[in-house]
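**Student:** Test case, fold it:
(one chain, ligands or ions: 1)
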Amino acid sequence: RTPNNSLLEGLLKFIPEGTRYYEEEPPDAKKIIPEYDFIVVGAGSAGSVLANRLTEISEWDILLVEAGGRENYAMDIPLLANFLPFTEANWKYRTVPSDNVCLGMVNRQCLYHRGKVMGGSSTINFMVSTRGNRRNYDQWEEMGNTGWGYKDVLPYFLKLENMTIPELARDTKYHSTSGEQPTSYATYRTPLADAFVNGGEELGYKIVDYNGETQTGFSYLQSTTRDGARWGASRSFLHPIRNRKNFHVSKRSLVTKILIDPITKTAFGVRFVRNKKEYEVRARKEVILSAGAVNSPQLLMLSGIGPRKHLTEMNIPVIQDLKVGYNLMDHPGMPSATFIVNQSVTYLTDAVMSNRSAFLDYLYNRRGPFSVPGASEGIAFIDTKDPKNPDGNPDVELFFLAAGIPSEVTYYKLLGYTDELYNTVYKHLEGGHYWTAVSMVLQPKSRGRIMLKSSNPRQSPLIYHDFYHNPEDLETQLLAIKEVMKLSKTQAFRKFGSKLHDIPIPGCKHLLFGSDDYWRCVSRHTATGIWHLSGTCKMGPHWDSSAVVGPRLRVYGVKGLRVIDASIMPMVPTAHTNIPSMMIGEKGADLVKQDWDRLD
Ligand SMILES: Cc1cc2nc3c(=O)[nH]c(=O)nc-3n(C[C@H](O)[C@H](O)[C@H](O)COP(=O)(O)OP(=O)(O)OC[C@H]3O[C@@H](n4cnc5c(N)ncnc54)[C@H](O)[C@@H]3O)c2cc1C
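**Tutor:** Numbering: from 1, shown residues only. Next up, the predicted model:
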């Protein structure tokens, strides 16, 4: 219905919804029992799906241990996504300073955000819903990971999905409406969203459903939202099971160690700290790590599973020598090229926030600019090596935002840029209208590493990630930037007087503005990993000496222990990694059930 301008009435509708939402999150278990069948560490994208599926077996008692606290309803307002990493729902990790990348960031450190809250990173992410390319998973299988080819994982993508976009839902080979995870279009679009998609067509690309048969082309953004609100993993998979008797949750509980018998090499429980009190809880069947690509390797290493030399240096007795923490991947993304437009057609968060009718529209109808995930509206997947192929294997993504760094003061802080960089390049633009397309490298060749700083579980691990270490990645980055430049010159964008902002990035001003060397330099200063951390407990066959888990996700050499989250990805897919992590949770649950003879 149309807002009738009563803010009070709007709030009276919004607040009870928030209260109901609060009550629907599974509460902390009243009593933690001494022994469960399974203990799952981490209630993130993968862990939430896993906990849902394992508690289907009513004879199994499951404990889900989460370091973060509860969600709140404000987290579900899509436009506010970029504010969430500033809250306590973020682990607030930073990379180790590098001489090659993150040069425009404070202390040359990229900010590596990670969700620390029910739902994990899916509760603070930008809600982009992508699966990747079928070849990604076929490649996993070719690497020796039997059962992980596209034909094997597609049923799990379908199982978890509730596609609410009618024209996409009709394609039942690739979409489903019976899963828990809603996928929708935002209920609002700026005219620049159309410019993005039409501009792509002008360049000769198809408009595609990138989660359908082929991935290459331009599209409006599919997001993990429903009725104008975020639906993270907790809301989708944990809220509905809050009444299962065999499901216990312990929040604000930091797991500090996996308990492993060093003689039999069998995991038998976890130690965690809640409210300054230490608990040891046993697992009859398995301990499952779903703590994400930074914390799962950290916990393994703290518990004696990792590279022998490194653990010995940390004075940690070695139980199993494995390449834990290696193979760190992410998608480097360059967000700093900003285009000025001559019409009021973009998101200025301040302006939107003070726009009474937009606010009312959201309170009443969940419509309008507040329903757009962090101002992101479109996505393009391009195979720069074979651009004319409609079924290409994309090496580049353009992630379109109807906003630029000067549109919202939190953007540069979210990216970790120095005040000097922001004040020199962007500050004077505040209040104007901009767009940007974050240019991303989708098939990175560079690898980073997670290491312990000490044996103290409260100390953040070290994240080494020189994402242009392999020069090919920087060259792909350059190709991606060139695609953005081409797009900006299309008729679709020229209609808005689109013009590249041309004040150079301070560390690159010695180079000719717009030259290849200039953009290489800009990338090394302003690109960041786009928070798709993965690969640090690599899945691989027994003959792969770099593998930490096998294709059944069991940790090599240790009984009763699995890793089920983004860290098992042997290669990061050409996708934002939330839905792929959920797929891993979904398939992981079936592997567990199968191994305990409980898969129907
Ligand atoms: C800011 C941001 C934006 C992103 N945007 C997108 C996007 O738009 N689309 C997309 O597809 N992907 C996006 N991603 C990436 C995506 O959300 C993640 O890849 C995905 O959520 C990872 O799932 P996971 O299960 O591996 O880990 P997580 O979801 O991170 O879950 C791990 C959980 O384990 C908990 N945990 C960790 N250590 C411990 C411990 N010791 N004890 C107890 N609990 C512990 C954590 O608190 C967390 O809840 C984004 C990520 C971030 C941070």
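**Student:** pretty sure residue 334 contacts residue 476?
**Tutor:** No - using Cβ atoms under 8 Å, residue 334 is not in contact with residue 476, being 11.0 Å away. Placement of C-beta: from N, CA and C, glycine included.
**Student:** who touches both of these two?
**Tutor:** When contacts are counted by Cβ atoms under 8 Å, 6 or more residues apart in numbering, residue 334 and residue 476 have no shared neighbour.
**Student:** can you give me the strands for the stretch 251-400 of the chain?
**Tutor:** 253-261, 266-274, 277-289, 305-306, 320-321, 332-334, 339-340, 376-382, 396-401 (DSSP state E, counting those that start in this stretch).
**Student:** quick one, which of the ones you listed is nearest to the ligand?
**Tutor:** For these, proximity to the ligand was assessed by Cβ to the nearest ligand atom; strand 253-261 is nearest, at 3.5 Å.
**Student:** List the strands paired with the closest one, with their directions.
**Tutor:** Strand pairing for strand 253-261, determined by DSSP bridges: strand 266-274 (antiparallel).
**Student:** how far does the strand it pairs with sit from the chain's center?
**Tutor:** 27 Å (Cα atoms, centre = their mean, to the nearest Å).
**Student:** buried stuff in it?
**Tutor:** 267-274 (16 or more other Cβ atoms under 10 Å).
**Student:** What of stretch 28-39?
**Tutor:** Within stretch 28-39, judged by 16+ other Cβ under 10 Å, the buried ones are 28, 32, 36-39.
**Student:** Could you do stretch 164-176 as well?
**Tutor:** So, applying 16+ other Cβ under 10 Å, buried residues of stretch 164-176: 164, 168-169, 174-176.
**Student:** Please report how far the closest residue to residue 347 other than its chain neighbours lies from residue 196.
**Tutor:** Excluding its sequence neighbours, the residue lying closest to residue 347 (Cβ to Cβ, 6 or more residues apart in numbering) is residue 375, at 4.1 Å. Distance of residue 375 to residue 196, computed by Cβ to Cβ, to the nearest Å: 12 Å.
**Student:** repeat for residue 122
**Tutor:** Residue 122 sits 25 Å away from residue 196, going by Cβ to Cβ.
**Student:** who's in contact with the residue of the stretch 51-200 of the chain found nearest the ligand?
**Tutor:** Using Cβ to the nearest ligand atom, residue 120 is the residue of the stretch 51-200 of the chain that sits closest to the ligand, at 2.6 Å. Listed by Cβ under 8 Å, 6+ apart, the contact set of residue 120 reads 42-45, 47-48, 66, 68, 114, 233, 292.
**Student:** now for the residues you listed, which pair is the farthest apart?
**Tutor:** Maximum pairwise distance among the contacts of residue 120 (Cβ to Cβ): 15.1 Å, between 48 and 114.
**Student:** Counting neighbours, go ahead and name the busier of those two.
**Tutor:** residue 48 (34 against 22; other Cβ atoms under 10 Å).
**Student:** Which single residue of the stretch 1-150 of the chain ends up nearest the ligand?
**Tutor:** For the stretch 1-150 of the chain, Cβ to the nearest ligand atom, closest residue to the ligand: residue 44, 1.8 Å.
**Student:** didn't that residue look like it was pressed against residue 115?
**Tutor:** Yes - the criterion here is Cβ under 8 Å, and residue 44 meets it with residue 115 at 6.2 Å.
**Student:** Quick check: neighbours shared by these two?
**Tutor:** In contact with both residue 44 and residue 115: 121-122, 292, using Cβ under 8 Å, 6+ apart.
**Student:** Buried subset of those as a PyMOL selection?
**Tutor:** Buried members of those can be picked out in PyMOL with the line below, counting by 16+ other Cβ under 10 Å:
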select buried, resi 121+122+292
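**Student:** ok, back up a step: ok, residue 44 and residue 115, which is more surrounded?
**Tutor:** residue 44 (34 against 29).
**Student:** any idea how far residue 119 is from that one?
**Tutor:** 7 Å.
**Student:** shared neighbours, the two?
**Tutor:** Common contacts of residue 44 and residue 119 (Cβ under 8 Å, 6+ apart): residue 233.
**Student:** list the contacts for residue 21?
**Tutor:** 71, 73, 76, 235.
**Student:** Between all of those residues, which two are at the greatest distance?
**Tutor:** 73 and 235 (10.1 Å).
**Student:** List the contacts of the closest residue to residue 140 other than its chain neighbours.
**Tutor:** Nearest residue to residue 140 in three dimensions, chain neighbours excluded: residue 148, at 4.3 Å (Cβ to Cβ, 6+ apart). By Cβ under 8 Å, 6+ apart, the residues touching residue 148 are 137, 140-141, 539, 551, 587.
**Student:** so of these, which ones are in helices?
**Tutor:** Among the contacts of residue 148, the ones falling in helices (DSSP state H) are 137, 140-141, 587.
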